[in-house]
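J.: Predicted coordinates and the sequence they were generated for:
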Amino acid sequence: MFINLPVIVLGGGGHARVLIEILELLNIEIIGVAVPDPEAKQIHGYPVVGNDDAVFDFRPDTVRLVNAIGSTRQPYARRQLFMRFKQSGYAFARLIHPGAVVSSKAEIGEGAQIMAGAVLQPGCRIGDNVIVNTRAAIDHDSVVGSHSHISPGAILAGGVTVGETVHVGAGATIIQGITIGDGSLVAAGAVVVSDVPEAATVMGIPAKEVQS
């Protein structure tokens, strides 16, 4: 029902620019961009339709949405935006860059975004509204919960479980079989060799919990 609908991009920053390029590569029609700046007329070459509230001028059965809010820490704003429009009946486009390597036996949720050079092996399950960023690698049978962000160059070995609304920093490594609790932050470059509880911040080699 929603597969061939045009899209509205929610947000106009750097992450939006990357997503717009993916949409162009996939030949998906872009109606416009929603941003809070009342003076903006065009973003990244596309018309501004208004702020987020302007999306409600379009019926849910006529458009899909693309969540262009990135995540620099814990992605609560991204989750909030996704949930707001889902509760109003809108659907989010799932985007996979043509340069990503995604197994046909991987499962990818609604609104997930798989960036250039990312690798998803068989048995992976990627939740709704997840970002798997540039050159991140997720090995077999790993699970990434909804609204989480796997940053550029991060590595999840086989059988890793990442909870919901987790931020895994750039270049972090999580060894096989580890569980990362909901709402946690794995710092850039960390090497995680033991389970991480909910809402924890870990950093270092090996990663240890610190006060956030």
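T.: Nice, thanks for sending it over. Numbering: from 1, shown residues only.
J.: The closest residue to K208 other than its chain neighbours: what's it in contact with?
T.: Take K208 and drop its neighbours on the chain: the residue closest to it by C-beta to C-beta, 6 or more residues apart in numbering is V202, 6.3 Å away. Quick note: C-beta positions are derived from backbone N, CA and C, even for glycine. Applying C-beta atoms under 8 Å, 6 or more residues apart in numbering, we find V202 in contact with 184-187, 190, 192, 196, 208-210.
J.: ok, so of those residues, who is nearest D37?
T.: D37 has its nearest neighbour among these in L185, at 29.2 Å by C-beta to C-beta.
J.: any idea how far the closest residue in space to that closest one that isn't next to it in sequence is from Y76?
T.: Nearest residue to L185, sequence neighbours excluded (C-beta to C-beta, 6+ apart): T201, at 4.5 Å. Note on T201: its distance to Y76, by C-beta to C-beta, to the nearest Å, is 14 Å.
J.: and what of I131?
T.: 14 Å.
J.: Show which residues not belonging to stretch 68-85 make contact with it.
T.: By C-beta under 8 Å, 6+ apart, stretch 68-85 touches 9-16, 19, 33, 52, 55, 65, 67, 92, 111, 128-129, 131, 146-149, 165-167, 183, 185.
J.: Please consider this matter closed, and thank you.
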